[in-house]
Structure formats: structure tokens, C-alpha cells
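A.B. asks: Below are the sequence and a predicted model for it; my questions follow.
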Amino acid sequence: MIFEKIVIFSGIILAHILNGSNLFDFGPEIKPDFMILFVIFFSLRKGELAGLWVGFIGGILSDAGLGGEEGSGGKIYYKIGVHSLSFSIIGYLLGKFGRSFYNENYISITVYAFGITILMRAFTYTLFSFFFYSNLNYSLLICSIYNAVLAPLTFFVLSWTYKLQPSEGLR
Amino acid sequence: MLWDRIQQLSEILSLFFCIGFSIVSLFWNSNLVVVTVASSQKAVDVITSSVDSAGGIFSGLYQRFQSNEALRKERDSYAKLVDEYKVYSHDIKVLQNDNQSLRKELEFQPNINYPTIRAEVLSVRLNSIYRTIVINKGKSDKIYPFMPVISRAVNESGELIPAIVGKVIASNSSSAVVQPIINSNFNMGVQVEGGSLWAILSGNSGRGTYVILNFLDSGVIINPKLYSQIGPIVPDEHGLEKVGIAGREVYSSNGGGVFPAGLPIGIIVEEGPRAGSFKTAFVKPHVKFDELQFVTIIKKLPDKWVEDWPEEKNITIENPFYGELNFPGEEPEGKSTGKELKSTPVIVKPTDVNNRENIKKQIPPPTVKKPEIKKKIPIVDEEEEEMIRNIDGNQ
């Protein structure tokens, strides 16, 4: 039980590391978001609770990656909470309601990955705009397309790693 | 019993915890838990850097294998040449000495008059909502926030130049976070090559890895090719900078007191969307952020006046755009424009105050057309007669 959680946590760390690396980049603007794919995978395969926690921990790591910024009086302000909130809520909702419409095949994985990536990033963008400022540089469409293309392969690798079949998480 | 109850409510409790923690962290973004979580990033960045390096090894391995045989043959031929070139080492030293003395005579000055330190890039997060670069030097190497960060880059002419990467925004003992110029929250004062044209450079361009020049004078022509189709372009009294600034270099101006003046940033590529009475232009940075491996930090803290400048002395312009002039007697237009612009106040520091005055001087004062009084028109009442007398008296 604990070993399973450690392996899942290692996967989250790996997704975060891959997001910070340039191994899968096509130029400076076309980059995948492996953390979102990881959250989608666990939401669909293991249900709402797994989606919630994987989204939360993955979101916290993504927020930590944004770094701090020194404000007035030398105080450092962080942006913890933006990704953790969006990833955990959408991970939970996807696990709760999304699975009933989900019939796993290559097309559905691609469509789900595209739709959920665009939804998660749009939600993150909205939260960031609300708490900080409007960021015009945040890519929604390109990243979603790239995620959709990579999703079948990622799902295959994750299914093999975690030995999770599509029907396993369904009650 | 209690454990069973917790198990039953685990979903609700988890949901409340995750959402509650995130919202509390967003509102109270410098608490101890948040700081601890953010500090854990350093370990991950070190691993990320290692993964990148490992990836580079695998991709390079195949190419190296292929070229290994060819290299072996070349090595043998070059080994002979090396023996011959050993003779020239003495000549090189003589030339280096000559070069140094000639540079002194020409009063050659290096671009940066501050101590610098080189750092390795641990991670570049261009895909995140807040773009950052993490480097492996921190407070132990005397790296502090607001220090400028530069890197070697190649300009349009193919020359190797030191180009601005960004500035340090936070540092701990052994690593620091750099805010690149393509970060959406990045702003700095800049100067355009070959003239007295000043602007504010912002990373929030909405276009990938480009940055945007804001508050450009509306008289500036960015791409002259577009205008030449309409008619000839004649430089006016304000100088040559009014004729086509596309393709020109953008330098730091030291207007904000953080970056030393004269550091290259990029070149102007095209005109951006118009912002009120000002023009904007997209700038392509010299630095290729996705290929960054090493950066140089200039050990320069912000100028003294920036630190001493009190917050309450900042001037806030509620409406930075000069809309249509409303002449006396006319109905004021564009009420909606005023409302839209009120939401984007601009903070003007002392250097901008002069600019503001200059802009005001350039705008001609509203002229009032003198009313022509025709004496033949019959005067209806005494009030009108009095009014006309007053006008005549003023003339």
C-alpha cells in the first residue's frame, strides 16, 4: 500500500522533472505538460480521490517551480496554490463524472487529453489573472495539441508502469 | 471508531484540505508552509539539470559513434600539424601583448564595469504560467535579487555579444531564480539604437518568446515599407528615428536603475497593436532561452535612488493615453474609453516625469476659433449685447 503510493509519488516527481527539461521540446514554444497527463491518467484509471491527490501534489510541485519574488521589505512572495487548486479540482471532477462517458481507445485518450489540458490551463490562467495579473504569454492551444498527440503513448507507458488497466479503477 | 468515521469522510476531508490549503496559500503567500514547499524546488531543479544532461548524452552518443572513425583519421593528420604549430606559440604571446597595448591606446572599454560571475542553468520553465530560470549560484556567491543576468548571444550580424537574459528575483544559499525578459511580469526601460527614442519593454507580449516595446511615440514609423506604398517618407525635425525603426537594436537605458545602460536586448521586428495614443513594437530577443546552459550575473545592486525612492512618491497616471481633444463647447466624446483605461494605471518614476512633460509640450493647446460677429444681425436682447461687448473687449 505504502509502496504503491511511493511509486505514484515518484511518477509525479518524474513528470515535474520532465516539465522542467527540454527533452520533448519542439523549439521554445512547443512544450508538453506531463503533469496534466499524469493527473488525467490517474483520474480516469483510479477515480476521483486519486485524481484529487495526484492533482494536488502535482500542482504543489508545479507551483514550487514558479519560484518566489522579492517584494517590499525584502519579503519573498510565492505563488503556491494556483496549480494545486486547478489540478486538484479538475482531477476530482474528472474522476467523479468524466469516467462514466469514457471508453478507452486511442481517439478518446486524445480527445480527453486535449479537452482536459485546455480546461486545466484555462482554469490556471483564470486563477493567475485573479490573484496576480493577466499573463498573455501562457499557451493554451499549442500545449493542448501537443499533449493530445503524446497522450496515447504516455497512457501506454503509465499503464505498463502502474499495471493499471482501464476497468480496474471503475466501481 | 473515530478512524472508521474518518475513513467514511475521507473524500470530503481530502477535498476540503486540498482546496483550503491552495486558497489559504494564495491569499497568504509568504507563510512558513509555503516557504518550505517552495524551497523544496531546489532539489528537483538539480535532478532536472541532470536529466537534461543525460538526455544530451544519449542523443549525442549515436552521432559520436558515427563520426568516430572519421575523427580517428583526422586526428592522425592533425597530430602532425600540432608539432608544427608549437613553434608559433611564441608568436602568439607577442601578438597578445601587442593587442593589449593597442586596446589601451584606443581607450577600449569593456561594456560592463561591474564584477561578474558565471552560473549554470539548472532549469528553464518556459511552459509554466510564470516563466523562470533557476541557476546554481546563490547568496553564498553574493548573488542577490535585482542583479542583472546576461548571456552570450549572437546578434543579427553574427557577432558574439553579451545580451540581457533577465534579473535575479530571489536567491537562497546555493541557487537563485531568474526572471527572464520573456516573463509576463518583466518590465524595464530601454532605448532604441540610433536616436533618442525611449520606451518600456515588457515581457507580456502575448507572442511566444518575443517581448514588446510599450509607450512608443505615435509619430514613430516602425516598418517604412508599409508607408512607402502610400507616399514618400520625409524625416521631420525630431530626428531620423522617425523613419523606420524595424530591424534596429534595443538597448537597456538604466532608466529603472537595475540594468547598466547599453546592454543589447534584441531587435525590433514588427509593429504591435496600438495602445491608445502610443504605438507598440515586437522585439525578438537575442538570447535563445530554450538553449541556455550558462549565464553571467552582473554583481550590480540597484542604483541608490531606486532603493531610497519612497513608494508614496510614485506618480500614478490614471489614464496614460491622451484621447481626442475636446474643444470648448463640444460634447465630450469616448466616455467608455476613459473607463477602460482607468483600470490600467501606470506608475511613473522620476525619470518618466520629464517625458510626461515633453509629451504634454508636443500636444498643441486647443485653439478657440474667434466668433465672427456680423453687425447686421439684429440683437435680440440686452444679455447678448453685453456678451458681444465682453468678447470685443477681450480681443
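C.D. replies: Right, received. Where do you want to start?

A.B. asks: For chain A, which helix or strand comes out least confident on mean pLDDT?
C.D. replies: Lowest by mean pLDDT, DSSP states H and E among the helices and strands of chain A is strand A:69-70, with a mean of 70.

A.B. asks: Show the subsequent helix or strand relative to it.
C.D. replies: strand A:76-77 (DSSP states H and E).

A.B. asks: and that next one, what other elements does it pack with?
C.D. replies: When contacts are defined as 3 or more Cβ pairs under 8 Å, 6 or more residues apart in numbering or on different chains; DSSP states H and E, strand A:76-77 packs onto strand A:69-70. The C-beta positions use only the backbone N, C-alpha and C, and glycine is treated the same way.

A.B. asks: Can you get me a residue count around residue B:302?
C.D. replies: Residue B:302 has 18 neighbours, counted by other Cβ atoms under 10 Å in any protein chain shown.

A.B. asks: Would you agree it is in contact with residue B:145?
C.D. replies: No. Using Cβ atoms under 8 Å, residue B:302 makes no contact with residue B:145, being 9.2 Å away.

A.B. asks: For the stretch 51-200 of chain B, give me the ranges with low pLDDT.
C.D. replies: Counting by pLDDT under 70, the stretch 51-200 of chain B shows low-confidence ranges at B:51-66, B:87, B:101-111, B:195.

A.B. asks: Close to chain A: what parts of it are there?
C.D. replies: Contacts of the stretch 51-200 of chain B with chain A, taken as Cβ under 8 Å from any Cβ of the partner chain, map to B:51-52, B:55, B:123-132, B:134, B:145-146, B:169-170, B:177, B:179, B:182, B:184-185.

A.B. asks: what helix or strand is the residue nearest in space to the middle of chain A on?
C.D. replies: Nearest to the geometric centre of chain A sits residue A:36, at 1.8 Å (Cα atoms, centre = their mean). Residue A:36 is part of helix A:34-46, with elements assigned from DSSP H and E.

A.B. asks: Got the domain ranges for chain B?
C.D. replies: B:25-85, B:116-305, B:311-324+B:343-361 (automatic domain parsing).

A.B. asks: would you turn those into JSON lines with distance to residue A:3?
C.D. replies: Formatted as JSON lines, the domains of chain B follow (distance: least, Cβ to Cβ, whole Å):
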{"stretch": "domain B:25-85", "distance to residue A:3": "21"}
{"stretch": "domain B:116-305", "distance to residue A:3": "29"}
{"stretch": "domain B:311-324+B:343-361", "distance to residue A:3": "53"}
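
A.B. asks: Which parts of the stretch 101-250 of chain B are strands?
C.D. replies: B:116-125, B:132-135, B:148-154, B:160-171, B:176-180, B:187-192, B:198-202, B:211-216, B:249-252 (DSSP state E, counting those that start in this stretch).

A.B. asks: Now distance to residue A:20 and mean neighbour count too, for these, in CSV please.
C.D. replies: Converted to CSV, the strands of the stretch 101-250 of chain B look like this (distance: least, Cβ to Cβ, whole Å; neighbours: other Cβ atoms under 10 Å in any protein chain shown):
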stretch, distance to residue A:20, mean neighbour count
strand B:116-125, 4, 19
strand B:132-135, 8, 26
strand B:148-154, 18, 21
strand B:160-171, 17, 22
strand B:176-180, 13, 27
strand B:187-192, 25, 22
strand B:198-202, 25, 22
strand B:211-216, 22, 24
strand B:249-252, 28, 22
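
A.B. asks: Would you list the phi and psi of residue B:35?
C.D. replies: phi -60, psi -40 (degrees, to the nearest 10).

A.B. asks: List the contacts of it.
C.D. replies: The contact partners of residue B:35, by Cβ atoms under 8 Å, 6 or more residues apart in numbering or on different chains, come to A:68, A:76, A:78.

A.B. asks: so the second one sits right up against residue A:69, yeah?
C.D. replies: Meaning residue A:76. Yes. Residue A:76 is in contact with residue A:69 according to Cβ under 8 Å; the separation is 6.8 Å.

A.B. asks: what touches both of those two?
C.D. replies: In contact with both residue A:76 and residue A:69: residue B:170, using Cβ under 8 Å, 6+ apart.

A.B. asks: okay, now the residue in the stretch 201-350 of chain B positioned nearest to chain A: neighbour count?
C.D. replies: When distances are taken as Cβ to the nearest Cβ, the stretch 201-350 of chain B reaches nearest to chain A at residue B:206, 3.2 Å away. If you count neighbours by other Cβ under 10 Å, residue B:206 ends up with 15.

A.B. asks: what does residue A:3 give?
C.D. replies: There are 7 residues near residue A:3, going by other Cβ under 10 Å.

A.B. asks: and if you look at residue A:14?
C.D. replies: 15.

A.B. asks: Equivalent analysis for residue B:38, please.
C.D. replies: As a burial measure, residue B:38 scores 27 neighbours (other Cβ under 10 Å).

A.B. asks: just residue B:9 next, same as before
C.D. replies: When neighbours are counted by other Cβ under 10 Å, residue B:9 registers 11.

A.B. asks: That one and residue A:89: what is the separation?
C.D. replies: Applying Cβ to Cβ, to the nearest Å, the value for residue B:9 to residue A:89 is 19 Å.
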